[in-house]
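Asker: below are the sequence and a predicted model for it; my questions follow.
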Amino acid sequence: MSQGQSSTMPPRSTMRGSKPPKRPKPKKRKSKLKVFFITLFFLLLGLMLAIAGWLSYLLLKTDEAFDTISIVDETIVTPVPVKESVKKKPVSMVIMGIDSRSGGGGLNTDVLMVASFDPESKSASIVSIPRDTLIEVDGYRGRKANRFYADFFMAARNEGKDKEEAAIAAKEEFRNVLGKLFGIDVKYATLVNFKGFEDTVDLLGGIDVYVDMRMKYTDSHDGTNIDLQKGEQKLDGKQTLDFVRYRQSNDGTNMSSDFDRNRRQSEVVGALVDKLMTVGGVSKIGSIIEKMSENVQTDMPEKEISRMINTYLGIKSSDLTFMPLEGNWKSPFVYINEESLQKARNELQAKMGMPVDAAE
């Protein structure tokens, strides 16, 4: 093109035969999203497998624990049908606390409760019995409440039964005694070593309670060393047990009656139930069951234990009605107040779905 001639030609890029300019390639968004979802899928799959593995382990451990806790030979005893089980029908049981530490109380049941559970309302009524209560029912010699199980156990041993057979026999006899006392069918009996109670509180990280008095007591014979200040506080397993069992100081002051101890038992049970239902508590159920298998013994069949836990797992302290059996102390016994006994009977019978006073 000569100088001065105006340029009328199009730009080279639009000339015939020239290729259009290449546009930048879009980013591979689809590829990146694909990688993301594949990664997410495998992460979720891994999490699901981990949860499944944990649940399988938990089921295995709880099955082993239930087998240890139950002293019933399910190859001999007829299985309980589902329609007759604790999952469908109310049930009553006696819960006994013993101290089997070296130098401790042997088989005397220092904590004694009778509980009726209703699966429809997911609630329970619990009657606590002072350990020194004189119990007199037809067919049995009267004695302190905390002596029955030990006496029945030793009688069975003297008859030649082994320890497991004696434990089953003693539980059955004591159930009969309490069934006559309250006019209900006490179907099962559970024996809890205080060590298991301590361990459970510790696994839950302690519980918050109000200590109602200064508690100071030592006993070199069984290693007791109670030292609690008055006031609201968090107690570990040992301290909680000290709080429940405290009777008096070494100098005889700051006395605590059986009725005081029963009230504390109710407070502690309520606090434990609520702590167990927290996120932290639920996550430790497997460990608690495994630990309790070393310290709990019951004549409830293994399958019924599993149904019981599944049925009442979500129970709260507000679902529990506590009723202490009251009476008058006249050494060496607590003599039951008839009005208090009748209220306890009515409460337990009502929870069992029975017409009040229907049982003799």
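Answerer: Received the coordinates, thanks. In this text the structure is predicted, and so the values were computed from the model without any measurement. Numbers count the residues shown, from 1 in each chain.
Asker: can you give me the strands for the protein?
Answerer: Shown for the chain, the strands assigned by DSSP state E span residues 91-98, 111-118, 123-128, 134-135, 143-144, 186-193, 207-211, 215-219, 224-228, 231-235, 296-298, 320-324, 327-330, 333-336.
Asker: could you dump these into a markdown table and include mean neighbour count and mean pLDDT?
Answerer: Where you see a C-beta, it was placed from the backbone N, CA and C, and this is true even at glycine. Output for these, formatted as a markdown table (neighbours: other Cβ atoms under 10 Å; pLDDT from 0 to 100):
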| stretch | mean neighbour count | mean pLDDT |
| --- | --- | --- |
| strand 91-98 | 24 | 94 |
| strand 111-118 | 24 | 95 |
| strand 123-128 | 23 | 95 |
| strand 134-135 | 20 | 97 |
| strand 143-144 | 16 | 96 |
| strand 186-193 | 21 | 94 |
| strand 207-211 | 17 | 94 |
| strand 215-219 | 16 | 91 |
| strand 224-228 | 16 | 91 |
| strand 231-235 | 13 | 96 |
| strand 296-298 | 22 | 91 |
| strand 320-324 | 19 | 94 |
| strand 327-330 | 13 | 92 |
| strand 333-336 | 19 | 95 |
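Asker: kindly reformat those strands as CSV containing distance to residue 242.
Answerer: Formatted as CSV, those follow (distance: least, Cβ to Cβ, whole Å):
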stretch, distance to residue 242
strand 91-98, 14
strand 111-118, 13
strand 123-128, 18
strand 134-135, 27
strand 143-144, 23
strand 186-193, 16
strand 207-211, 10
strand 215-219, 7
strand 224-228, 4
strand 231-235, 8
strand 296-298, 21
strand 320-324, 20
strand 327-330, 22
strand 333-336, 22
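Asker: any idea which residue is closest to the centre of this structure?
Answerer: Taking Cα atoms, centre = their mean as the criterion, residue 273 is the residue nearest the geometric centre of the chain, at 6.7 Å.
Asker: count the neighbours of residue 310 for me.
Answerer: 11 (other Cβ atoms under 10 Å).
Asker: touching, the residue nearest to the centre of the chain and residue 318? I think so.
Answerer: No - using Cβ atoms under 8 Å, residue 273 is not in contact with residue 318; the gap is 9.4 Å.
Asker: dump the residue contacts of residue 329.
Answerer: With contacts defined as Cβ atoms under 8 Å, 6 or more residues apart in numbering, the neighbours of residue 329 are 132, 257-258, 335.
Asker: show me the residues you listed that map onto helices.
Answerer: residue 258 (DSSP state H).
Asker: farthest-apart pair in the contacts of residue 329, please.
Answerer: 257 and 335 (13.6 Å; Cβ to Cβ).
Asker: neighbour-wise, which of the contacts of residue 329 leads?
Answerer: Of the contacts of residue 329, with other Cβ under 10 Å as the count, residue 258 tops at 22 neighbours.
Asker: of all the strands of the chain, which lies closest to residue 248?
Answerer: Nearest of the strands of the chain (Cβ to Cβ): strand 215-219, 6.8 Å.
Asker: ok, the closest one: who's next to it in the sheet?
Answerer: Each strand paired with strand 215-219, and its direction, by DSSP bridges: strand 224-228 (antiparallel).
Asker: outside of the partner strand itself, list whatever touches it.
Answerer: Taking Cβ under 8 Å, 6+ apart as the rule, strand 224-228 contacts 211, 214-219, 235, 239, 242-243, 245-246.
Asker: and the residues you listed, which is closest to residue 191?
Answerer: When these are compared against residue 191 (criterion: Cβ to Cβ), the nearest one is residue 245, at 16.6 Å.
Asker: for stretch 262-280, give the mean pLDDT please.
Answerer: For stretch 262-280, the mean per-residue pLDDT is 88.
Asker: got the buried residues for that stretch?
Answerer: 262-276 (16 or more other Cβ atoms under 10 Å).
Asker: picking up where we left off before, residues contacting the residue nearest to the centre of the chain?
Answerer: Counting by Cβ under 8 Å, 6+ apart, residue 273 touches 315-317, 320.
Asker: nearest to residue 253 among these?
Answerer: residue 317 (32.0 Å).
Asker: ok, back up a step: give the buried subset of the contacts of residue 273 as a ChimeraX selection command.
Answerer: Buried subset of these, written as a ChimeraX selection, criterion 16+ other Cβ under 10 Å:
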select :315,317,320
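Asker: please render the contacts of residue 273 as CSV that adds distance to residue 124 to the earlier fields.
Answerer: Converted to CSV, the contacts of residue 273 look like this (distance: Cβ to Cβ, whole Å):
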residue, distance to residue 124
315, 7
316, 11
317, 11
320, 5
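Asker: from residue 82, how far off is the closest residue to residue 214 other than its chain neighbours?
Answerer: Leaving aside its sequence neighbours, residue 214 sits nearest to residue 230 (Cβ to Cβ, 6 or more residues apart in numbering; 5.1 Å). Residue 230 is 49 Å from residue 82, where distance means Cβ to Cβ, to the nearest Å.
Asker: kindly report the same for residue 312.
Answerer: Distance, residue 312 to residue 82, using Cβ to Cβ: 16 Å.
Asker: neighbour-wise, which of those two wins?
Answerer: residue 312 (18 against 10).
Asker: show the pLDDT at the more buried one.
Answerer: 90.
Asker: so it sits against residue 121, correct?
Answerer: No - if you go by Cβ under 8 Å, residue 312 and residue 121 don't touch, sitting 10.7 Å apart.
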